[in-house]
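J.: pasting the sequence and the predicted coordinates here, then a few questions.
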Amino acid sequence: QLQDANSKASHLQSTINTLTEELANVQTQHGATVENLESTKAELKKQSAARSELETQLLELKKSLQEHRSSNQELLTNYGLLESNQSDMQSQLDHYKTALASREKEFEKL
């Protein structure tokens, strides 16, 4: 009976030792998991800051693009006005040339 008790005690001690090792392994894995989570959290924080910076830059680029579009539209409008003025001036020049030619013919008759 003593031998049976010793055998059971030895078996229990072996089980305790195995469970202690498994607990140590689980604690180690838990520590590694916590480290990974902290590292991931820090990386996500960096990525979030980078994303925020990129969003700010994107807004600035959109604003700049809109300003350039407005400026280009203004230039196109001004160019259209210049073309119109040039056409008007050409018409006036043609009119003056015609009038001058007519007066030269009248002068020649005199």
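T.: Cool, got the structure.

J.: drop to CA atoms for contacts and neighbour counts, all remaining ones
T.: OK.

J.: contact partners for residue 43?
T.: Contact partners of residue 43, counting by Cα atoms under 8 Å, 6 or more residues apart in numbering, are absent.

J.: which residues in this structure form helices?
T.: Listed in chain order, the helices found in the chain under DSSP state H are 2-109.

J.: farthest residue from the center of it?
T.: residue 110 (80.0 Å; Cα atoms, centre = their mean).

J.: just the pLDDT for that one.
T.: Looking at residue 110, its pLDDT reads 80.

J.: and for residue 4?
T.: 89.

J.: for residue 9, same thing?
T.: Looking at residue 9, its pLDDT is 95.

J.: next one: residue 31
T.: 96.

J.: show me the contacts for residue 52.
T.: Taking Cα under 8 Å, 6+ apart as the definition, residue 52 has no contacts.

J.: ok, it to residue 45 distance?
T.: Note on residue 52: its distance to residue 45, by Cα to Cα, to the nearest Å, is 11 Å.

J.: likewise residue 66?
T.: From residue 66 to residue 45 the distance is 32 Å (Cα to Cα).

J.: repeat that for residue 57.
T.: From residue 57 over to residue 45 (counting by Cα to Cα), the distance is 18 Å.

J.: low pLDDT regions in this structure?
T.: For the chain, applying pLDDT under 70 flags no range at all.

J.: could I get stretch 49-60 in PDB with only the CA atoms?
T.: Coordinates of the C-alpha atoms in stretch 49-60 are reproduced here as PDB (Å, rounded to 0.1, in the frame of the first residue of the first chain):
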ATOM      1  CA  ALA A  49       0.400  59.300 -38.400                       C
ATOM      2  CA  ALA A  50       1.800  58.700 -41.900                       C
ATOM      3  CA  ARG A  51      -1.700  58.300 -43.300                       C
ATOM      4  CA  SER A  52      -2.800  61.500 -41.600                       C
ATOM      5  CA  GLU A  53       0.200  63.300 -43.100                       C
ATOM      6  CA  LEU A  54      -0.600  61.900 -46.600                       C
ATOM      7  CA  GLU A  55      -4.200  63.000 -46.200                       C
ATOM      8  CA  THR A  56      -3.100  66.500 -45.300                       C
ATOM      9  CA  GLN A  57      -0.700  66.600 -48.400                       C
ATOM     10  CA  LEU A  58      -3.600  65.300 -50.600                       C
ATOM     11  CA  LEU A  59      -5.800  68.100 -49.400                       C
ATOM     12  CA  GLU A  60      -3.100  70.700 -50.100                       C
END
